[in-house]
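Q: The sequence and its predicted three-dimensional model are supplied below.
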2 protein chains.
Amino acid sequence: MVLSEEQILVTLTDVFRQYGYEGASLAAIAEATGLAKASLYHRFPGGKAQMAEAVMDRARVWLDTVALVPLRDQSLPIRDRVLAMTRQLDAFYQSGEKSCLLDALSIGEAGSALRRMTRDALDLWAGELAAAVAAAGYGEEDAARRAERAITLVQGALIVSRIKGDPAPFRRVLAELPEQLLGG
Amino acid sequence: MVLSEEQILVTLTDVFRQYGYEGASLAAIAEATGLAKASLYHRFPGGKAQMAEAVMDRARVWLDTVALVPLRDQSLPIRDRVLAMTRQLDAFYQSGEKSCLLDALSIGEAGSALRRMTRDALDLWAGELAAAVAAAGYGEEDAARRAERAITLVQGALIVSRIKGDPAPFRRVLAELPEQLLGG
DNA sequence: CGGCTGTTACCGAACGTTCGGTATAGCGAA
DNA sequence: TTCGCTATACCGAACGTTCGGTAACAGCCG
């Protein structure tokens, strides 16, 4: 059976964000993908590091071409645009039942390439979010703080939900995100 | 050289929250503590799992007997009590340069005992914080939400600071914590 | 068409290394 | 001498990685 690259990356994403970089063994990856370890090296000659980087790159692309797209649609009210983003986040994190990729891949002895990729993804997210908030009439600095705080809340809520084994905290944060970004 | 249990646990705490549970190898632990592996097994016959549980237990004790103590001192204004807690948090996380233990130890295939300990620590923190906020005159439910949000912000800020390699986001969250808990 | 060649996708079996963990002996203090 | 503790040496298992090879398929030539 020939698996598409996309199918493999979806599975890899799940494994990495469940176990973290160190915890995701090749044996576990092989079982999850249905490919033998040697076959994984055919797709990713750079080994586990390349797999993690491919996952992170796909996450950045997803952020850029899916999650952040509604933010740029200036024909909609700003609140609807933010709401559309939260719906994408809810799908990606399955209402808080999946852990955060940025968290899982930034812990431990992750390579410098991976470190830079996680930082770039975070900056992309924060930058676009701040731009959208600023376009709603807030000052640059205020918008940047609101964006940073929104991302902080999402990351934190994913941890709280994971530890408590309860998706409610994450769902609450998502629901309050538009007000948090645009209110007051 | 004879190391005290306390010294060892301090070092173990650092190693675990830097590398996570899986990433913290016994070789790394041995080097960091200056003890040979056999010596570690003399102190912790249960192996790495017991080390992590001892670290988590000490963190819970620290939370109970240090960080949360000022919250209970009803002779001080509530805002000063919260401020005292943030100072303890700032010290423990070294202004955001150290990662979160709850995060590092709750990722991956951590054992069920460790899972329960992280959840208990989180509940202890949230419960006492909510009680303090409620004592300041807020309704039970409102206080619980504020406490949960405060903890969410701290966890999230530690991740953001770690990824960006910049302690400023964590410091900002800490500085705004009293207002976040008691304001508006 | 049949036969040859190259490419792609995959796998079983092993590689050397490191993992968590253990047996045993040595050391200093009481 | 005994006891608490540490170090050396070692173990089987699992780790990430590599090798040799098979099956399937396409393209090209005769």
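A: Perfect, I can see it now.
Q: What parts of chain A come near DNA strand C?
A: Residues of chain A lying near DNA strand C by CB under 7 Å from any atom of the strand: A:1-3, A:34-39, A:42-43. Yep, even glycine has a C-beta here, placed from its N, CA and C like the rest.
Q: Recalculate using a threshold of 10 Å.
A: By the rule CB under 10 Å from any atom of the strand, the part of chain A lying against DNA strand C is A:1-5, A:7-8, A:22, A:26-27, A:30, A:33-43, A:109.
Q: Which members of these are classed as buried?
A: Among the residues of chain A next to DNA strand C, those scoring as buried are A:8, A:22, A:33, A:35, A:40-41, A:43 (criterion: 16 or more other CB atoms under 10 Å in any protein chain shown).
Q: related to what we said a few turns ago, keep the residues of chain A next to DNA strand C, but drop any that are not near DNA strand D.
A: Answer for the residues of chain A next to DNA strand C near DNA strand D (CB under 10 Å from any atom of the strand): A:2, A:22, A:26-27, A:30, A:36-42.
Q: mind listing which of those are in helices?
A: Counted as lying in helices by DSSP state H, out of those, are A:22, A:26-27, A:30, A:37-42.
Q: residue contacts, A:K37?
A: A:26-27, A:30 (CB atoms under 8 Å, 6 or more residues apart in numbering or on different chains).
Q: typo on my end, A:Q88
A: Contact partners of A:Q88, counting by CB under 8 Å, 6+ apart, are A:66-67, A:70.
Q: Point me to the residue of chain A nearest chain B.
A: Of all residues in chain A, A:G156 sits closest to chain B, at 2.8 Å by CB to the nearest CB.
Q: Name the SS class of that residue, please.
A: Under DSSP: H, G, I helix; E, B strand; the rest coil, the three-state class of A:G156 is helix.
Q: Can you get me a residue count around the nearest residue to it once chain neighbours are set aside?
A: With sequence-adjacent residues excluded and distances taken as CB to CB, 6 or more residues apart in numbering or on different chains, A:G156 is closest to B:G156, at 2.8 Å. Neighbour count for B:G156, taken as other CB atoms under 10 Å in any protein chain shown: 31.
Q: Next: the one 3 residues further on.
A: Other residues near B:I159 come to 28 when the count uses other CB under 10 Å.
Q: and the gap between it and chain A?
A: Here B:I159 is placed at a distance of 5 Å from chain A (CB to the nearest CB, to the nearest Å).
Q: Can you name the residues that contact that residue?
A: Per CB under 8 Å, 6+ apart, neighbours of B:I159: A:100, A:102-103, A:106, A:152, A:155-156, A:159, B:100, B:103.
Q: Go through those and name the one nearest A:Q50.
A: For the contacts of B:I159, the residue nearest A:Q50 by CB to CB is A:S106; the value is 17.3 Å.
Q: So the closest one sits against B:K164, correct?
A: No: between A:S106 and B:K164 there is no contact under CB atoms under 8 Å: 9.9 Å.
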